[in-house]
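Enquirer: Structural data only, the sequence is not supplied:
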């Protein structure tokens, strides 16, 4: 099981001009969060004496740890609406994240830094006022997967950018490695040591195509490849532990770049 909460921003007043909004939203969220938490906004994080206690540094600068948040976005959306999911101890950062979202409105999206407004702010799908006093402990939920052994269909809702055999998967996925990577991600998010286990199933089918994406990195001042696989897979006779990890992945996503909204999945019993 894992602690989490979801902050939703709905009814954003401007429209995106491209299919993938995750890179833009994450970049502006980073700037908004730094304004909300850092007393030295224009200084380098590298030698800051508060680095180990800084929320912004934990989410955006500490490359040795998996950030305990993800973006939830939709591909080909006609809106910049998004959700931010916080996990484990990061649920206590809820007030800072709400202030960061308010800052985002003034920073603006895109190259022209277009300022925006939004209609609704939600926590776990309940509308709140940004001005009200928020206690994260009142909103934190616990996700306990309960899928039994059986047959499942897994559909990629955003590109899955996952490494296997020293390279990014472009068509054929190793399902056992896929399940183990979900387990590793859960361990990173909850600071839990995951024991080795066997992934058992009777049959596996997959239908994936590589979907090319690019994003512009302001830090590196260059375009970066960001593609991954899209499609679906079916697994039959899957063992219970692996099935519950699949269910967990519908909450935490899987693979690289989940903080941009990648690795989002839907899992259905068949």
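Expert: Right, received. Where do you want to start? Note that the structure is predicted; figures quoted are calculated from it, not measured.

Enquirer: When you work out contacts or count neighbours from here on, use the C-alpha atoms and nothing else.
Expert: Noted.

Enquirer: Figure out the length between the terminal residues of stretch 162-181.
Expert: Its first and final residues considered, stretch 162-181 spans 9 Å by CA to CA, to the nearest Å.

Enquirer: got a list of contacts for it?
Expert: 161, 199, 204, 206-210, 228-229, 242, 245-246, 254-256 (CA atoms under 8 Å, 6 or more residues apart in numbering).

Enquirer: now swap in stretch 263-270 and tell me
Expert: Here stretch 263-270 has contacts from 72, 150-161, 246-247, 249-250, 252-258, using CA under 8 Å, 6+ apart.

Enquirer: just to revisit the earlier point, ok, of the contacts of stretch 162-181, which come out buried?
Expert: Neighbour counting by 16 or more other CA atoms under 10 Å classes 161, 199, 206, 208-210, 228-229, 242, 245-246, 254-256 among the contacts of stretch 162-181 as buried.

Enquirer: which one of the residues you listed is nearest residue 79?
Expert: Distance to residue 79, by CA to CA, is smallest for residue 228 among these, at 22.3 Å.

Enquirer: Give the bridge partners for that closest one, please.
Expert: Applying DSSP bridges to residue 228 gives these bridge partners: residue 211.

Enquirer: pLDDT score for it?
Expert: Looking at residue 228, its pLDDT is 89.

Enquirer: List the contacts of it.
Expert: Taking CA under 8 Å, 6+ apart, one finds 159, 160, 161, 162, 168, 169, 170, 210, 211, 212, 213 in contact with residue 228.

Enquirer: Same check on residue 259?
Expert: 26, 67, 69, 70, 71.

Enquirer: For those, name the two members farthest from one another.
Expert: 26 and 67 (12.5 Å).

Enquirer: what stretches of this protein score poorly on pLDDT?
Expert: By pLDDT under 70, the weakly predicted segments of the chain are 64, 130-133, 214-224.

Enquirer: how's it carved up into domains?
Expert: As given by automatic domain parsing, the domain ranges for the chain are 2-141, 145-269.

Enquirer: For ChimeraX, write the select line for the buried members of the contacts of residue 228.
Expert: Entered in ChimeraX, the line below selects the buried ones among the contacts of residue 228, by 16+ other CA under 10 Å:
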select :159,160,161,162,168,169,170,210,211
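
Enquirer: Give me the subset of the contacts of residue 228 lying in strands.
Expert: 168, 210, 211 (DSSP state E).

Enquirer: what bridges to the first one?
Expert: Meaning residue 168. Judged by DSSP bridges, the bridge partners of residue 168 are residue 163.

Enquirer: how about the residue nearest to residue 212 when sequence neighbours are not counted, what does it touch?
Expert: For residue 212, ignoring the flanking residues on the chain, the nearest one in space by CA to CA, 6 or more residues apart in numbering is residue 227 at 4.2 Å. Taking CA under 8 Å, 6+ apart, we find residue 227 in contact with 159, 161, 210, 211, 212, 213, 214.

Enquirer: Just to be sure, residue 231 is in a helix?
Expert: No: using DSSP: H, G, I helix; E, B strand; the rest coil, the assignment for residue 231 is strand, not a helix.

Enquirer: Please tell me I have it right and it contacts residue 205.
Expert: No: contact between residue 231 and residue 205 fails when scored by CA atoms under 8 Å: they sit 11.3 Å apart.

Enquirer: Between those two, point out the one with more neighbours.
Expert: The neighbour comparison of residue 231 against residue 205 (other CA atoms under 10 Å) goes to residue 231, with 18 against 13.

Enquirer: Just give the nearest non-adjacent residue to that one, would you?
Expert: With sequence-adjacent residues excluded and distances taken as CA to CA, 6+ apart, residue 231 is closest to residue 208, at 4.5 Å.

Enquirer: Tell me how far the one helix or strand that neighbour maps to lies from the chain's centre.
Expert: Element membership of residue 208 [criterion: DSSP states H and E] is strand 203-211. Centre-to-centre, strand 203-211 and its host chain are 22 Å apart (CA atoms, centre = their mean, to the nearest Å).
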